[in-house]
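Q: Here is a sequence with its predicted model. Questions after.
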Amino acid sequence: MNQIINMIMRQVMRKLVSKGVDAGINRATKGRKSNGPAQGQQSAKQSKQAIRAMRRANRM
């Protein structure tokens, strides 16, 4: 019984930590100012790709 409770608690904690990390990354990347339109679009695209990669890594 104790093992089942520990397993469920680990899953819940993992999801909560993952959501917190995702929220922190989103908040950090939304507040950035770009120097120009071309550079801003490129950096936004790169940051979105980085966020997706981090989320994939968190799921594993």
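A: That came through, no problem.
Q: remind me which residues of this protein are low pLDDT?
A: Scanning the chain for pLDDT under 70 picks out 31-42, 60.
Q: tell me the centre residue of it?
A: Asp22 (2.6 Å; C-alpha atoms, centre = their mean).
Q: Do I have it right that that one meets Ala57?
A: No. The pair Asp22 / Ala57 is not scored as a contact, 11.3 Å apart, by C-beta atoms under 8 Å. Glycine gets a C-beta too; all of them are placed from N, C-alpha and C.
Q: And the helices in the protein, which stretches?
A: 2-30, 37-59 (DSSP state H).
Q: now Gln3: how far from Met9?
A: For Gln3, the distance to Met9 (C-beta to C-beta, to the nearest Å) stands at 11 Å.
Q: do the same with Asn26
A: Asn26 sits 26 Å away from Met9, taking C-beta to C-beta as the criterion.
Q: Likewise for Asn58?
A: Distance of Asn58 to Met9, given as C-beta to C-beta: 18 Å.
Q: Of those two, which one has the most company?
A: Just comparing Asn58 and Met9: by other C-beta atoms under 10 Å the higher neighbour count belongs to Asn58, 15 against 10.
Q: Pull the contacting residues for the more buried one.
A: 18, 21-22 (C-beta atoms under 8 Å, 6 or more residues apart in numbering).
Q: swap the cut-off to 10 Å and go again
A: 14-15, 17-19, 21-22, 25 (C-beta atoms under 10 Å, 6 or more residues apart in numbering).
Q: and Met13, how many neighbours does it have?
A: Counted with other C-beta under 10 Å, the neighbours of Met13 add up to 10.
Q: What separation do you get for it and Gly20?
A: Taken as C-beta to C-beta, the spacing of Met13 relative to Gly20 amounts to 10 Å.
Q: same thing with Lys45?
A: Distance from Lys45 to Gly20, counting by C-beta to C-beta: 25 Å.
Q: Over to Asn26?
A: Using C-beta to C-beta, which is the criterion applied here, Asn26 is 11 Å from Gly20.
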